[in-house]
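Visitor: Fold the following and give me the result.
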Amino acid sequence: MNTNKLTTLKRFAESPEPSPRVWECYSREQVKLEMQARFCRQEMSREEADRLRSYPYAGTTFSYPFPNQGITELCGPAAIAYDLMLTDPAAYLSALIALYEEGECAVGDLRLRPRAELKGSSREGISGIDWMFLGAMREGRNMLFGVDGKAGPLALFSPPKDMLYWLRSIYPHERFVQRLSFVGWGSERAHRRAIIEALRKPTRSFLLIDSKLIKADSKGNRIARLHWIVIKPGTAVWSEDGERVSFTYFTWGAERVGRFRVKDLIKYLYVTIVRE
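Guide: All right, here's what the predicted structure looks like:
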């Protein structure tokens, strides 16, 4: 598979640069190196890795193996890009290339058509390919706020309805359902049932949590701490009494292992989205 990706990236690198650039802040070489680090990092030479790190924030694609929203509230699009990268890496790579070269792309039934403000911007702490793809996803669902390099939390946070829209559009032949209510927290029994279902699913599940669950020093009010993570299926290990569980989850560009008390999961969990 890496041979096919390297061939695709070589062809991309040898294509002429659009004039003027579709994305003002990113060159073809930077985007090519970022995609190489994301998809074929083991084949990168030291000289290529050094060139990659010479671009602002491009090195995050080498430091973190998966899509990474940095310090922004783009955790929702990052969670879905992570799922897409594992489910259909060829579609994800093709979408990144089309987005850079043509300023729009299609993934399944989802079409991303970012506006000029986004294509003319960059974002501190985020690689070019992540800002293009994650920003374009978020902008496509915004009714009140624009997305550019200075967009704030209200423009970048993704509510459950948008997560469902993206998932159902990218995977039109699959069924996704939301458990628990975003506005009414529901009973402890409902939370426990949703947690068990998400951890037992053979497919990746998406959880909207208070980030204090995984990051004790999270600051800000409850809205600012809303955070999407993705459960890696088949990784849950329960304690004998069923009141503690460890599992692998995706967040901030990497897969991590956490051990949690179920009562804390219940306290800090708002929504689960699962495949049926």
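Visitor: ok, which stretches of the stretch 151-276 of the chain are strands?
Guide: In the stretch 151-276 of the chain, the strands defined using DSSP state E, counting those that start in this stretch lie at 176-179, 205-210, 226-231, 237-238, 244-251, 254-261, 269-275.
Visitor: Same list as before, those that is, but in CSV and with mean pLDDT and mean neighbour count included.
Guide: Heads up, the C-betas are built off the backbone N, CA and C, glycines and all. Formatted as CSV, the strands of the stretch 151-276 of the chain follow (pLDDT from 0 to 100; neighbours: other Cβ atoms under 10 Å):
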stretch, mean pLDDT, mean neighbour count
strand 176-179, 96, 16
strand 205-210, 96, 23
strand 226-231, 96, 24
strand 237-238, 96, 13
strand 244-251, 97, 19
strand 254-261, 96, 13
strand 269-275, 96, 21
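Visitor: Put together CSV for the ones you listed, with distance to His191 on each row.
Guide: CSV is the format used below for the strands of the stretch 151-276 of the chain (distance: least, Cβ to Cβ, whole Å):
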stretch, distance to His191
strand 176-179, 9
strand 205-210, 11
strand 226-231, 15
strand 237-238, 16
strand 244-251, 13
strand 254-261, 13
strand 269-275, 6
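Visitor: Extract the residue ranges of the stretch 51-200 of the chain that are flagged as low pLDDT.
Guide: Scanning the stretch 51-200 of the chain for pLDDT under 70 picks out 184-186.
Visitor: CA atoms only for the helix or strand hosting Ala136, dumped as PDB, please.
Guide: In this structure, Ala136 sits in helix 128-140 according to DSSP states H and E. Coordinates of each C-alpha in helix 128-140 appear next as PDB, following Å, rounded to 0.1, in the frame of the first residue of the first chain:
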ATOM      1  CA  GLY A 128      -1.300  22.800   6.300                       C
ATOM      2  CA  ILE A 129      -3.100  19.500   5.400                       C
ATOM      3  CA  ASP A 130      -5.000  19.500   8.700                       C
ATOM      4  CA  TRP A 131      -6.000  23.200   8.500                       C
ATOM      5  CA  MET A 132      -7.200  22.700   4.900                       C
ATOM      6  CA  PHE A 133      -9.200  19.600   5.500                       C
ATOM      7  CA  LEU A 134     -10.500  20.100   9.100                       C
ATOM      8  CA  GLY A 135     -11.200  23.800   8.400                       C
ATOM      9  CA  ALA A 136     -13.100  23.000   5.200                       C
ATOM     10  CA  MET A 137     -15.200  20.500   7.100                       C
ATOM     11  CA  ARG A 138     -16.100  22.900   9.800                       C
ATOM     12  CA  GLU A 139     -16.800  25.800   7.500                       C
ATOM     13  CA  GLY A 140     -19.200  23.800   5.400                       C
END
